[in-house]
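Q: Here is my input, please return the structure:
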Amino acid sequence: MDLLRSLPLGLYLEQPQTWLHKIDPRVKFAWLMSFLTTYIFANNIWRIMLVVLLIIATLIARIPRRVWRQQIGWLGILCFFVLIIASITPDALGVKYQSRLPLDPQILREQPQPTTTTPKPEVTIATPTVSPIPAITGNRQTYQYQLLKLEPVFGLGLLTVTRRSLDLAIRLSTIVFTVFYSTNLYLLTTAPEEITAGIESLMQPLRQFKIPVTEITLTLTLSLRFIPLVLEEVQNLLRSIMTRAINWKKLGFKGTVKVGMMVAERLLENLLLRAEQMANAMMVRGFTSPNQHRVQWHDLRIKRGDWLAIAILVLFWGTRVAIGGIDFSF
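A: You can find the predicted model right below:
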């Protein structure tokens, strides 16, 4: 089992170099923030369009099938189950509340005889008459709040799919896919050094407020470089457990928990050791501060393809304003 290949989430794809790799990281970061922000207060049509747009961008970029097939597959299965479970879950709008007053006004009129001689006025409550809503006739279809009724399955009782539950299901499933896959696609086509260089370039105005921009970007670079080391340590520990052929049935629950705690402790020790080795390597090379040891990995320049991506981004926001709508319902 190779976690570095079976779980490529958050890892950079070095080969082949697609047209997404050649776009400026600042432009790609703007696209990522657009995907994550245009979802807010948008209707379901726009949410579904974001999912379709991400899939089309993956196919057009000609990313190898071995890379995105497993990611979209597992993520699609997760979103499908979220859609199904949220659809059949009660939407809390069909709750029947009991009135504080009796439905029969005659009960309120029949008051007991007072003990004192002071007469009390008779209390009467007028019941408003509600005229029935006329049904829509003709070629127009009648409105139905409950879209589907399912027979009892596994003792769960009668399951219903309403308009509200279906709307919530579409929102949840699309936001899970958009957030996870858009971020993963950005990390897949952008090197860690490009990400930090782009973020540092965008954070230059914060230097006026004495914010350590270079230190923040250095920390981000080290954290991104540390992700493969974490996966490697987890992979080595799992292989060491598999080679020992532990009989988990004989261990029982307490033994399994004890072994899990020992493995977690060992993983933490290995990660701290890797971090210490990285710090010692930087100190041996004379590293004192990020400002004095800056290495320009990439020369950020806006090219012709980047201007085209910016123009499409403006059109993207215009389409969001035109058809995305504003939906404040939750």
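
Q: In this protein, where is pLDDT below threshold?
A: Scanning the chain for pLDDT under 70 picks out 1-10, 91-143, 150-158, 289-299, 328-330.

Q: Could you identify the longest helix within it?
A: Longest helix in the chain, counting residues (DSSP state H): helix 248-284.

Q: Give me the buried positions along the helix or strand that that one is followed by.
A: Next along the chain after helix 248-284, taking DSSP states H and E as the criterion, comes helix 304-319. For helix 304-319, the neighbour count (16 or more other C-beta atoms under 10 Å) marks 306, 309-310, 316 as buried. No exception for glycine: its C-beta is placed from N, CA and C like everyone else's.

Q: what's next to helix 304-319, contact-wise?
A: Taking contacts as C-beta atoms under 8 Å, 6 or more residues apart in numbering, the residues outside helix 304-319 that touch it are 19, 22-24, 27-28, 30-31, 34, 38.

Q: Tell me how many other residues surround the nearest residue to residue 270 once chain neighbours are set aside.
A: Setting aside the residues directly before and after it, residue 270 is nearest to residue 233 in space (C-beta to C-beta, 6 or more residues apart in numbering), at 4.8 Å. By other C-beta atoms under 10 Å, 19 other residues sit near residue 233.

Q: if I look at residue 233, how far off is residue 221?
A: Residue 233 is 20 Å from residue 221, where distance means C-beta to C-beta, to the nearest Å.

Q: Check residue 276 too.
A: From residue 276 to residue 221 the distance is 18 Å (C-beta to C-beta).

Q: before we move on, what about residue 311?
A: Shown here: residue 311 relative to residue 221, a distance of 31 Å by C-beta to C-beta.

Q: tell me what the helix or strand hosting residue 59 is packed against?
A: Per DSSP H and E: residue 59 is located in helix 44-60. Contacts defined by 3 or more C-beta pairs under 8 Å, 6 or more residues apart in numbering; DSSP states H and E place helix 44-60 against helix 65-88, helix 163-188.

Q: could I have it exported to PDB, CA atoms only?
A: Provided in PDB are the C-alpha atoms of helix 44-60 (Å, rounded to 0.1, in the frame of the first residue of the first chain):
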ATOM      1  CA  ASN A  44     -29.300  25.600  -6.700                       C
ATOM      2  CA  ILE A  45     -28.800  26.100 -10.400                       C
ATOM      3  CA  TRP A  46     -25.600  28.000  -9.800                       C
ATOM      4  CA  ARG A  47     -24.400  25.400  -7.300                       C
ATOM      5  CA  ILE A  48     -24.900  22.600  -9.800                       C
ATOM      6  CA  MET A  49     -23.100  24.700 -12.500                       C
ATOM      7  CA  LEU A  50     -20.000  25.000 -10.200                       C
ATOM      8  CA  VAL A  51     -19.800  21.200  -9.900                       C
ATOM      9  CA  VAL A  52     -20.200  20.800 -13.700                       C
ATOM     10  CA  LEU A  53     -17.600  23.500 -14.400                       C
ATOM     11  CA  LEU A  54     -15.000  21.900 -12.100                       C
ATOM     12  CA  ILE A  55     -15.500  18.500 -13.900                       C
ATOM     13  CA  ILE A  56     -15.200  20.200 -17.300                       C
ATOM     14  CA  ALA A  57     -12.000  22.000 -16.300                       C
ATOM     15  CA  THR A  58     -10.500  18.700 -15.200                       C
ATOM     16  CA  LEU A  59     -11.300  17.000 -18.500                       C
ATOM     17  CA  ILE A  60     -10.200  20.000 -20.700                       C
END
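
Q: No more questions from me, cheers.
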